[in-house]
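Q: Sequence first, predicted coordinates after that:
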Amino acid sequence: MAKLITDQSLMDFVLKLGDEHPPIQMSSVDRQINNAELVKERFAGTIDYLARVELEVDRNVLELLTILPQASEVDTIFYQDVWSDQEMAHGYILDQLQTDLGMPSAEPFQTIPVRMKLLGALAHWEPIHDISRMLYYLTGASTERQAVLAYSSLTKELDQMGERAISETIIQPIKRQEPGHFAFYRMSAEKMVQDEVLKPWQVYVTRLLRSQSFTMVGVDYVNAYKAHFGGVLTELGMAEELEIYAKEIGRLEAKLLWANRNGMEFPPYFLKALRESIELYQSQGNFDRPNPHQWVF
């Protein structure tokens, strides 16, 4: 029998996570690069994408304040005192790597999508707030799985290139902090299912919203970012294994939100989003950084 997840066990986990994984210090980074031009040629798009996403923490916190106006104590401590400091440190370190490679600094996207503002306006009603919570946990879990897979692939490629300093003092330390974030989101979502927080109509609405609004991490409903994500998948050798990738990042959601309906291994919108990113990247051949002030729905 599975052990019950309680508010106290979640709080204990978050506090331990913060104690055991303080933000990575820039002073711990070995900035030696053996072949900067080759690293740029192979992974400029990936490093830029990862740096931008990690540096968008300030906007992410504002989004959470928007969609979770009644956030619980444990949620607040997690995202304000643990997650945000760790992620911002990741962003600073990756952005310094870009500078060391002779690349321009990342340009974080700071616009809160209108659809998120609309959800936040309704989230003062508790049933909608609970839907927002589940969406937050599912999005977080998917995001962290994507991060772990990206950092794992990048580590392998950098090691093969002999870029041990980048791999061992930047990418691997960042990667080690991501599974704890995933575990928090997973446990939080599992607790909602365990406690039967969502009524059938709320589950239906959550499924509908997730199906209609799902995007890959960092895409933010912007086509240029969607194409860039397709480039990341291509650079990391994942473009030919999209169904395997979709299963890796979507299996938890298939279980918790869809109860593995009809043998579902991952929700179909995961694979759809992946394919759209690849197709857009292939049609453009490259990416342009979009205007960070453009209107987003």
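A: Now that the structure is in, tell me what you want to look at.
Q: burial measure for the closest residue to H21 other than its chain neighbours, as a count.
A: Closest residue in space to H21, ignoring its immediate chain neighbours: Q177 at 5.0 Å, by CB to CB, 6 or more residues apart in numbering. All C-beta atoms are positioned from the backbone trio N, CA, C, and that covers glycine. In terms of burial, Q177 registers 24 neighbours under the definition other CB atoms under 10 Å.
Q: how much space between I24 and Q172?
A: 10 Å (CB to CB, to the nearest Å).
Q: Show me which of those two is the more surrounded one.
A: When neighbours are counted by other CB under 10 Å, I24 and Q172 differ, and I24 comes out ahead with 20 against 16.
Q: thought the more buried one was touching E87?
A: No. Counting by CB atoms under 8 Å, I24 stays clear of E87, with 10.4 Å between them.
Q: and the end-to-end length of stretch 90-109?
A: Its first and final residues considered, stretch 90-109 spans 16 Å by CA to CA, to the nearest Å.
Q: Would you mind pulling the contact partners of it?
A: The list of residues contacting stretch 90-109 from outside it, by CB atoms under 8 Å, 6 or more residues apart in numbering, reads 24, 26, 29, 31, 33, 36, 39-40, 44, 47-48, 50-59, 166, 170, 174, 177, 220, 222, 225, 289-290, 292.
Q: Check stretch 279-286 too.
A: Stretch 279-286 has contacts (CB under 8 Å, 6+ apart) with 223, 226-231, 233-234, 287.
Q: from these, which is closest to G140?
A: F229 (17.5 Å; CB to CB).
Q: which residues does that closest one contact?
A: 49, 216-219, 277, 281.
Q: pLDDT at R115, what is it?
A: Among the per-residue scores, R115 shows a pLDDT of 88.
Q: For the residue nearest to H21, give me its contacts.
A: Going by CB under 8 Å, 6+ apart, the list of residues near Q177 reads 21, 24, 86, 90.
Q: how many other residues sit next to K16?
A: The tally of other residues near K16 (other CB under 10 Å) stands at 12.
Q: and the helix or strand hosting it, what other elements does it pack with?
A: Using DSSP states H and E, the secondary-structure element containing K16 is helix 7-20. Contact partners of helix 7-20 among helices and strands, from 3 or more CB pairs under 8 Å, 6 or more residues apart in numbering; DSSP states H and E: helix 73-77, helix 172-194.
Q: quick one: which of these is nearest F266?
A: For the helices and strands packed on helix 7-20, the distance to F266 is smallest for helix 172-194, at 15.2 Å, taking CB to CB.
Q: Tell me the confidence at the residue lying closest to T169 once chain neighbours are set aside?
A: Setting aside the residues directly before and after it, T169 is nearest to D30 in space (CB to CB, 6+ apart), at 4.4 Å. Looking at D30, its pLDDT reads 97.
Q: can you tell me how far D30 sits from A165?
A: 4 Å.
Q: For the two, indicate the residue with more neighbours.
A: Higher neighbour count among D30 and A165: A165, with 15 against 11, using other CB under 10 Å.
Q: Next, count neighbours for R145.
A: The criterion is other CB under 10 Å. On that basis, R145 has 23 neighbouring residues.
Q: so is it in a helix, a strand, or just coil?
A: For R145, the assignment made with DSSP: H, G, I helix; E, B strand; the rest coil gives helix.
Q: A246 is in contact with that one, correct?
A: No. R145 lies out of contact with A246 (CB under 8 Å); the separation is 10.6 Å.
Q: Okay, angle between the strand or helix carrying L149 and helix 172-194 too, please.
A: Using DSSP H and E, L149 falls within helix 126-161. Orientation check (axes from the mean of the first three to the mean of the last three CA atoms, to 10 degrees): helix 126-161 against helix 172-194 gives 150 degrees.
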